[in-house]
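In: My questions concern the predicted model and sequence given below.
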Amino acid sequence: MQPPHHEDDLFDFAEDDQTALQDADREAWRILVVDDDQDVHEATRFALKNQRILGKNLDIYSAYTGHDAQTMLQQSEQFACILLDVVMETPDAGLKLVSHIREELREDTTRIILRTGQPGYAPESEVIEKYDINDYKSKDELTRSRLITTLTSSIRSYQQIKTIKANKEGLAMIINGAPTLFRERAIGTFAKGVLLQLCSLLQIEKNGFLCCCEDIHHEIKVLAAYGQYKSMSGSILNSSEHPDIVHEIKQVIQSQQRFIGEDYVILHMRSPHSDNLIVKVDTHKSLSETDLHLLSLFSVSISVGFDNARLFERMENLAYIDPLTRLPNRTGYLYELTQHINQQTPFYLVLADIDNFQAINDGLGYQVGNNTLIAIAKHLPSLLGDDTLTGRISADTFCVMIPDSNRDYVHDKLMKLELSLSESFNIDGYEIPLSLTMGLVHFPEHGSEAETLLQNASIALKHAKKTNRAGFSEFGHEYEQQLQHRLHMAAELRHCVERNELKLMFQAQICLSTMNIIGAEALVRWHHQGRTVPPNDFISTAESSGYIVPMGYWILEEACKQQVNWLAQTGEDIVVAVNVSVRQLKDPHFIQRMDEILLTTGINTSSLEVEITESMMMEDSDGLTAILHQIRQRGVHVALDDFGTGYSSLSYLQKLPISHLKIDRSFISKITGNKEDRAITALMVRMGELLNMKVIAEGVESPEQQQELIRLGCHEAQGYLYSKPLLTEDFIDLLHQINGQELS
C-alpha cells in the first residue's frame, strides 16, 4: 500500500494540536514509527492508544520513507524508541536508516526495533549485533501485548542510558573542580558538579543550591545554585532575606541529619576538616528507598571530594600569595604582570629592596622584621597610587607596577617615596630608619615578557646598590657593557664541549628513613681560561643562546657513564639526577638522543632521573608534558625541581608524569624559624603523598632542618649537611663512608 500523499507535510503527527504536543513532550515518551504502509501506522496507534509505559504517556510520530525519517531526526528532539520497517522505498532502506542514525548522527541513546513483513530477509543475529538495535521482529509476531512488552523493554534501556550519560556530566565536573586555578572558581565548579550529579541521580530538574558553613553560629555561603535559587549563588544567606531557608539549614546542622520534605530534600555532610555542607534540591516527587540509599552513598563522596578541593585551593593560594603581607608572591606577581603585558599598555616596573633589612631581623627579632615588611607593603601603594600592582618578590624585595609611561612623572613619584622614608617608622615601639634601593624598567622598551622585565629590573637594582644606595637606577645604556659580556661568554660556551672544559660534580641525596645515600644530582662546572666560572654566570647564557642543548647531551651522557661506573665499583645502584632545560626538551631530537645515550652507556633506566623546573611548564605545557610522558615510558624518573617558586599552576601538577617533588631551598632555609614556611613545606609534603610522589628537600644545612623534615614525613634530603658537590672519585669515597656497612 502506498503512503498518503502530502504536498506540504513530510510527516503525520499525533492528533493533538501543536501546543498540546509541546506540553506532552515533557511528560511523554516520543515514539517514531517508520513504515511505508499506512495500515501499520494506524494499527500501531490503535494498539498503543491511552497506553502508559513506565509512568508516562506515548507521543507517536510517523514517517513513511527512510529519507523522510532522516529529515525528521535531524530537525526534531530525541526519540526514545523507533519502530522501523526494514523494506520500504528500497529493500534495505530500514538498515540504511539505522546506519545513518548510529554512524552519521552518532545517536546511540535512542532504541530501535526493526519490524519486517519479509522474515528472513536479513540474518537476525547479524543485524542486531552490527546495528545496535533492541529487537528484530516479524510484523505478524507483534501482537498488542508483545508490542507493549517490547516497547517497555526498549524505553527502559533508553532511560538507563540517558541516566548514565547524565551521571557522567556531573561526575566530570566534580573531578575537574578540584585542581582548577582560582578559589571561587574551584569550589564553584565542584559545587555545580555536585548539584548536577545529584539531580541526575534522582532524575529531577536542576533546582537547588549547595552551601557551606562551619557551624550554626557562622555565616552560610552559597557556593552554587540552579533554578529558582540561582540568584543566591555566591551570596551569604541571612535570616532577614531568607528566614525559612536559614532556619532549615541551622536545624539540619544542629541535628547532623538530612531532612526529607514532601517535594524537597536537604542533605547534610561534614567534611574531614569539619566544614558543614548543605545541599537543598526540589524533588517534586516522593523519594524511593533506592533514592535514599543513593543519597547516603553520594553524601560520603561529596564530603571527601570537597575536602580535597579545599586542600588544592589552599595550596594554590600558598603558591600565589605571600602569607605575611597578603600580596602576590613572585609566582603570583609574574602571572598578574603577564596579564598587564597582554593589554599592551606601557608601564614602569619598580623593583625595591629594603636596605640593611637583615640588621633589623638580627637586632630586633623576626617579629619586628615581619611587621616592618607589612608596613612597607602598605606604604608603597599609599605613596605610588592605588592603581599600582604591588607584590613581595623575595624576603625583603618588593615589586611595583606603575601604569604610566611618563618618565618624569614616575621619577617624581620615586623621589617622593624616598622623601617619605626620611622619617623613621614606628614598628612595635621601635623607631626604625628605613630606605629603599630601587631598579626601574619600562615596558615595552626594556622587555616584552614578565620574566625579562623582572630580570632587567634586578640588573638595574644591582647597579643602584653599587652607585646610588637608597636611590634608584633605570635600566638603560649603561648596561650595554654587561650585555656585551654575555655575548662574549656565549661565543666561548659554544666550544666548551670540544675543548673538554666541562666537568661534573655530584651532590648526595639521602634517604631520611635509612640515612643512606640513594641518589646524586649531577652539577656541571665550567673551567675556562684558568678559572672556574660559577654556574649562575654561564647557565642562563647557555640557555638563552641555545648552547645548553649540546652541553646538556654531554652532561646526560657523562652522568649515565658515571652511574654505571659506580654500580660496577661499589655494587650500589645509585640514582643519578640530571637537570634538563626547556630548550633541551624542545629539541626535536631529544628523545632520539636520549635513547642513544641510554643504549650506549648501558644504564638501567630506573637509575636515571630527569629534573625539570616548575617554571618551565608554563611554556607550551601540553607539548612538554607529551615529551615527559615519553621519558617516563622508558622507565626514567622525572622530578619537579624548585617546587613552590615557579609559575605553573597546581592544576598542571596532576597532569605531569612526575615521580618526585623537590622542595626549593628557600623554604627549607626558614623551616625551623618561620611558621609560614614550615606550614607551606608541610602542605607540599602532604601534596606529594596525595599525588603518590616522593618528596625531596634541597638545601638542608642543619640537623634541626633535618629533624623537622623527618617530623613532617619528607622522604629524602640533599644539601651541605651531608655533602658539598664532589668529583666522582670523592663521591665514591663518601658512598663508602655513609653506606659502608651495606657495601661491605
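Out: On my side now, so go ahead. Numbering: from 1, shown residues only.
In: contacting residues around stretch 243-263?
Out: Here stretch 243-263 makes contact (Cβ atoms under 8 Å, 6 or more residues apart in numbering) with 211, 213, 215-216, 220, 237-239, 265-268, 270, 276, 278, 280, 282-287, 292, 295, 299. In this view, the C-beta of every residue, glycine as well, is placed from N, C-alpha and C.
In: how far is that stretch from where the chain is centred?
Out: Relative to its chain's centre, stretch 243-263 lies at 35 Å (Cα atoms, centre = their mean, to the nearest Å).
In: got the buried residues for that stretch?
Out: Residues of stretch 243-263 classed as buried: Ile245, Val246, Glu248, Ile249, Lys250, Val252, Ile253, Arg258, Phe259 (neighbour count, 16 or more other Cβ atoms under 10 Å).
In: What of stretch 315-323?
Out: Buried-residue list, stretch 315-323, by 16+ other Cβ under 10 Å: Met315, Glu316, Leu318, Ala319, Tyr320, Ile321, Asp322.
In: quick one on the thing from earlier: for the buried residues of stretch 243-263, name the two members farthest from one another.
Out: Spanning the widest gap among the buried residues of stretch 243-263 are Val246 and Arg258, at 17.2 Å by Cβ to Cβ.
In: Can I get the strand ranked longest in the chain in PDB? Just the C-alpha atoms.
Out: In the chain, assigned by DSSP state E, the strand with the most residues is strand 517-528. Only the C-alpha atoms of strand 517-528 are listed here, as PDB (Å, rounded to 0.1, in the frame of the first residue of the first chain):
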ATOM      1  CA  ILE A 517      72.800   7.700  50.000                       C
ATOM      2  CA  ILE A 518      70.200   6.700  47.400                       C
ATOM      3  CA  GLY A 519      71.000   9.200  44.700                       C
ATOM      4  CA  ALA A 520      73.200  12.100  43.400                       C
ATOM      5  CA  GLU A 521      72.500  15.200  41.500                       C
ATOM      6  CA  ALA A 522      74.900  15.900  38.600                       C
ATOM      7  CA  LEU A 523      76.100  19.500  38.700                       C
ATOM      8  CA  VAL A 524      78.200  20.900  35.800                       C
ATOM      9  CA  ARG A 525      81.200  23.200  36.300                       C
ATOM     10  CA  TRP A 526      83.000  25.200  33.500                       C
ATOM     11  CA  HIS A 527      86.800  25.600  33.700                       C
ATOM     12  CA  HIS A 528      87.700  28.300  31.300                       C
END
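In: Go ahead and measure how far the helix or strand following that strand is from the middle of the chain.
Out: Reading on from strand 517-528 to the C-terminus, the next helix or strand found by DSSP states H and E is strand 531-533. Mean-position distance between strand 531-533 and its chain equals 42 Å (Cα atoms, centre = their mean).
In: helices or strands up against strand 531-533?
Out: strand 517-528 (3 or more Cβ pairs under 8 Å, 6 or more residues apart in numbering; DSSP states H and E).
In: Hmm, Leu223 and Ile236 touching each other?
Out: No. Ile236 lies out of contact with Leu223 (Cβ atoms under 8 Å); the separation is 11.3 Å.
In: So those two - more neighbours on which side?
Out: A count of neighbours by other Cβ atoms under 10 Å puts Leu223 above the other of Ile236 and Leu223, at 22 against 12.
In: domain assignment for the protein?
Out: According to automatic domain parsing, the chain is divided into the following domains: 18-164, 178-320, 330-475, 498-736.
In: can you tell which of those is closest to Arg486?
Out: Closest among the domains of the chain, using Cβ to Cβ: domain 498-736, at 5.4 Å.
In: thinking again about what came up before, which of the contacts of stretch 243-263 are buried? Put it as a PyMOL command.
Out: Selection of buried members from those for PyMOL, criterion 16+ other Cβ under 10 Å:
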select buried, resi 211+213+220+237+265+266+267+268+276+278+280+282+283+295+299
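In: Now render the domains of the chain as JSON lines, adding mean pLDDT and distance to Leu487.
Out: Supplementary listing: these in JSON lines, determined by pLDDT from 0 to 100; distance: least, Cβ to Cβ, whole Å:
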{"stretch": "domain 18-164", "mean pLDDT": "82", "distance to Leu487": "58"}
{"stretch": "domain 178-320", "mean pLDDT": "79", "distance to Leu487": "36"}
{"stretch": "domain 330-475", "mean pLDDT": "91", "distance to Leu487": "15"}
{"stretch": "domain 498-736", "mean pLDDT": "88", "distance to Leu487": "9"}
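In: can I get those domains in JSON lines with distance to His488?
Out: Converted to JSON lines, the domains of the chain look like this (distance: least, Cβ to Cβ, whole Å):
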{"stretch": "domain 18-164", "distance to His488": "62"}
{"stretch": "domain 178-320", "distance to His488": "38"}
{"stretch": "domain 330-475", "distance to His488": "17"}
{"stretch": "domain 498-736", "distance to His488": "10"}
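In: closest to Glu492 out of those domains?
Out: Short answer: domain 498-736, nearest of the domains of the chain by Cβ to Cβ, at 6.3 Å.
In: how long is the closest one end to end?
Out: 33 Å (Cα to Cα, to the nearest Å).
In: My read is that Gly719 contacts Glu701, right?
Out: Yes. Between Gly719 and Glu701 there is a contact under Cβ under 8 Å: 5.4 Å.
In: of these two, who's got more company?
Out: Set side by side, Gly719 and Glu701 show more neighbours around Gly719, with 22 against 14, by other Cβ under 10 Å.
In: Where does Thr600 fall, secondary structure wise?
Out: Thr600 belongs to helix 590-601, assigned by DSSP H and E.
In: Same question for Leu640.
Out: strand 637-643.
In: and that strand, what does it pack onto?
Out: Applying 3+ Cβ pairs under 8 Å, 6+ apart, we find strand 637-643 packed against strand 575-579, strand 608-613, helix 621-633, strand 660-663.
In: so who does Glu415 touch?
Out: Not Glu; residue 415 is Met. Residues near Met415 by Cβ under 8 Å, 6+ apart: none.
In: mind checking how far it is from Leu440?
Out: According to Cβ to Cβ, to the nearest Å, Met415 and Leu440 sit 12 Å apart.
In: Now Lys280: which helix or strand?
Out: Per DSSP H and E: Lys280 is located in strand 276-282.
In: following that strand, which helix or strand shows up next?
Out: Later in the chain than strand 276-282, the nearest helix or strand by DSSP H and E is helix 289-320.
In: and that following helix, which residues are buried?
Out: 291, 295, 298-299, 302-303, 305-313, 315-316, 318-320.
In: for stretch 344-353, same thing?
Out: Going by 16+ other Cβ under 10 Å, stretch 344-353 has these buried residues: Phe347, Tyr348, Leu349, Val350, Leu351, Ala352, Asp353.
In: How about stretch 325-332?
Out: Thr325, Leu327, Pro328, Asn329, Arg330, Thr331, Gly332.
In: In helices, which of these appear?
Out: Counting by DSSP state H, the buried residues of stretch 325-332 place Arg330, Thr331, Gly332 in helices.
In: Can you tell me the closest non-neighbouring residue to the last one?
Out: Put plainly, it is Gly332. Excluding its sequence neighbours, the residue lying closest to Gly332 (Cβ to Cβ, 6 or more residues apart in numbering) is Tyr320, at 3.5 Å.
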